[in-house]
Each structure stands twice: as C-alpha cells, then as structure tokens.
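Undergrad: Give me a 3D structure for the following:
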Amino acid sequence: MTIDEIGTLIRDGGTFYLPRDFGGRYQLELRRTPVDLIEPGVRLVGVLVGADLVGADGVAPA
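TA: A predicted model of the protein is given here:
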C-alpha cells in the first residue's frame, strides 16, 4: 500500500517516526538521515511494509 502523508517528523533515539492524523505513528525505514527535517512539516512518500512500518521513498519539506 502506498503512503503519501504530511506530518511532523520526530526522532526517538536512532529511529524516525511520523505521527498519524488518526492516532498512532509510522516508523520509517530511511535511506538517509534527514536531520534537517526533524520537526518541521514534511511530506512522506513510501510503501507500507508492516503494520506501522513504512519504507520511505522520500521525505521532503511540506
């Protein structure tokens, strides 16, 4: 399933998450570490690979 959402990128230890509008959050598998995008609004595009795990194809400013 393709994921295309806008939200706030957060980091907990070495793991990145995108809180979901309807509760919960997606854990992200990222190819690079987008430290410059932590907390501002971002657009996440990726593929759902697990219950709450997204293989991110891209994370960019919203």
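
Undergrad: Tell me which residue is most central in this structure.
TA: Leu18 (4.1 Å; CA atoms, centre = their mean).

Undergrad: pretty sure it contacts Ile6?
TA: No: shown here, Leu18 and Ile6 do not form a contact pair, counting by CB atoms under 8 Å, at 9.1 Å. C-beta: built from backbone N, CA, C; applies to glycine.

Undergrad: what is in contact with these two at once?
TA: Val42, Leu44 (CB atoms under 8 Å, 6 or more residues apart in numbering).

Undergrad: contacting residues for Val49?
TA: Val49 makes contact with Glu29, Gly55 under the criterion CB under 8 Å, 6+ apart.

Undergrad: mind redoing it with 6 Å?
TA: Applying CB atoms under 6 Å, 6 or more residues apart in numbering to Val49 gives the contacts Gly55.

Undergrad: ok, back up a step: for the residue nearest to the centre of the chain, give me the pLDDT.
TA: The model reports Leu18 with a pLDDT of 93.
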